[in-house]
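K.L.:
this is the structure alone, sequence omitted:
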DNA sequence: AGAATATTTGCAACTTAGTTGCAAATTAGG
DNA sequence: CCTAATTTGCAACTAAGTTGCAAATATTCT
C-alpha cells in the first residue's frame, strides 16, 4: 500500500528524471511533510528508522537544488536550510519570517510581495527572495 | 594628520560607546571603504600591514552587529558577509544582487523596495531584506 | 600623569557544517 | 537477468566560526 506521500515523492523525482532511490524518496518525503525549511541534520532526524549517511543527504539536496526542485532558504543560522520549490513562482520565492525572540522561522506562503522590475541599471533580475524579522504570533 | 576615514570610524565607534581600539578602527574603516558586504577573511585581507587575529575580527563584527552598526547580508556563500548599516533604513536593508554567472554580489543601495505591511496574520514585522538573483551588467 | 578597573586581544585548541575520493551497492534499460 | 550508469557509505579532510584564559590595552578617577 503506497501512501499519497510516497506517490508524490515518486512523481517529483521522476519529473526530473532522477534515479529513484530509497534515500532520495525519504529526503523528498521529509521535505513534503515539513512546513518550513530544514537543514541536513533536521532531515536526518525525520527519517525514522531509515538511516542515510549525511553525505548522501547533502548530495541529494545538491542534486535537487540543481534541477530546481528544491530551494535554499536564507536564514540567520549557521546551517543551510532547504525546502521544496512547490510554493514558489518562477520569479519569486515565498517570504520567510524569523522571530527575533524565539528564533523560529515560518514560511509566509500566501503573502503577496510586489515583484521588482525585471531590469535595474543594467542588472537583469531573474529571482527575488524576501526575508522578514520581527515577532511571531506566539511571541508578540 | 587624521584622515576623514579615521574620523568617521572614530565617530561610529563612539556613537555606540564602544572601546576605541586599533582593531575596531581598522575593521570599521575596511567596511567604510567597501562597496559590498565582506567576510572576515576579506576584511583581514584589507587591513594592510596591520594584522589582527581572526578571533578579534569575528568578535568585533559580533559586537558591531549587536549594537546595530553592522548588518549581516544574506548571500549564497558559505561564509557570513557583513556591511555597515548606514545604507539601510530602520525597517529595511537595501537589496543585494548576486550574479548567477560570475557569482559577484552588488549592493543596490538606491533601489526602492515597497515595504511590507507591519502586521500580517499575527506576525509583527520589524525588518525586511531582499535578495535578487540574475545577471549583472557585465554578464548580461 | 598614575593607579585602579573594565574591556579587549591573541593564542591554541576545539566544534560544526559541509566536501572529496573511492570501492561497493543499487538502479535503469535493453 | 545482464550491462552500463549512477548512487551510496565510509573515512578522512577542509573551512568557518567559537571558547577559555592570561596578557595587553582602554577608560575613568583622583
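P.N.:
Thanks, I have it. All values derive from a computational prediction rather than experimental measurement.
K.L.:
grab the nearest non-local neighbour of residue A:58.
P.N.:
Distances taken as Cβ to Cβ, 6 or more residues apart in numbering or on different chains place residue A:40 nearest to residue A:58, at 5.7 Å, with adjacent residues excluded. Yep, even glycine has a C-beta here, placed from its N, CA and C like the rest.
K.L.:
which ones are touching the one you found?
P.N.:
A:54, A:57, A:58, A:61, A:79, A:80 (Cβ atoms under 8 Å, 6 or more residues apart in numbering or on different chains).
K.L.:
residue A:85 contacts residue A:70, correct?
P.N.:
Yes - using Cβ atoms under 8 Å, residue A:85 is in contact with residue A:70, at 6.1 Å.
K.L.:
tell me which of those two has more neighbours.
P.N.:
residue A:70 (23 against 18; other Cβ atoms under 10 Å in any protein chain shown).
K.L.:
which one is the residue in chain A sticking out farthest from the centre nearest to, not counting chain neighbours?
P.N.:
Of all residues in chain A, residue A:121 has its C-alpha farthest from the mean position, at 30.7 Å, by Cα atoms, centre = their mean. Leaving aside its chain neighbours, residue A:121 sits nearest to residue B:137 (7.3 Å; criterion: Cβ to Cβ, 6+ apart).
K.L.:
quick one: contacts for the one you found?
P.N.:
With Cβ under 8 Å, 6+ apart, residue B:137 has these contacts: A:121, A:122, A:123.
K.L.:
ok so, going back, any idea how far residue A:6 is from the residue farthest from the centre of chain A?
P.N.:
Separation of residue A:121 from residue A:6 (Cβ to Cβ, to the nearest Å): 48 Å.
K.L.:
what's the answer for residue A:26, then?
P.N.:
As judged by Cβ to Cβ, residue A:26 and residue A:6 stand 10 Å apart.
K.L.:
between those two, which is the more surrounded one?
P.N.:
Using other Cβ under 10 Å, the more surrounded residue of residue A:26 and residue A:6 is residue A:26, with 22 against 14.
K.L.:
quick check, pLDDT for the residue nearest to residue A:121.
P.N.:
For residue B:137, the pLDDT comes out at 96.
K.L.:
what's the answer for residue A:107, then?
P.N.:
95.
K.L.:
return the residues of chain A in contact with chain B.
P.N.:
Counting by Cβ under 8 Å from any Cβ of the partner chain, the residues of chain A close to chain B are A:72, A:74, A:76, A:95, A:97, A:100, A:106, A:108, A:111, A:113-114, A:116, A:120-137, A:140.
K.L.:
tell me which element the residue most central in space within chain A falls in.
P.N.:
Note on chain A: the residue nearest the mean C-alpha position is residue A:83, at 0.8 Å, using Cα atoms, centre = their mean. Taking DSSP states H and E as the criterion, residue A:83 maps to strand A:81-84.
K.L.:
close to DNA strand C, is that strand?
P.N.:
No - Strand A:81-84 is not in contact with DNA strand C by Cβ under 7 Å from any atom of the strand; minimum separation 8.0 Å.
K.L.:
what's that strand packed up against?
P.N.:
helix A:22-33, helix A:54-66, strand A:70-73 (3 or more Cβ pairs under 8 Å, 6 or more residues apart in numbering or on different chains; DSSP states H and E).
K.L.:
please redo it, this time with the cut-off set to 7 Å
P.N.:
Secondary structure elements in contact with strand A:81-84, counted by 3 or more Cβ pairs under 7 Å, 6 or more residues apart in numbering or on different chains; DSSP states H and E, are helix A:22-33, strand A:70-73.
K.L.:
closest to DNA strand C out of these?
P.N.:
helix A:22-33 (5.2 Å; Cβ to the nearest atom of the strand).
K.L.:
let me know the angle separating that closest one from helix A:54-66.
P.N.:
Following axes from the mean of the first three to the mean of the last three Cα atoms, to 10 degrees, one obtains 60 degrees for the angle between helix A:22-33 and helix A:54-66.
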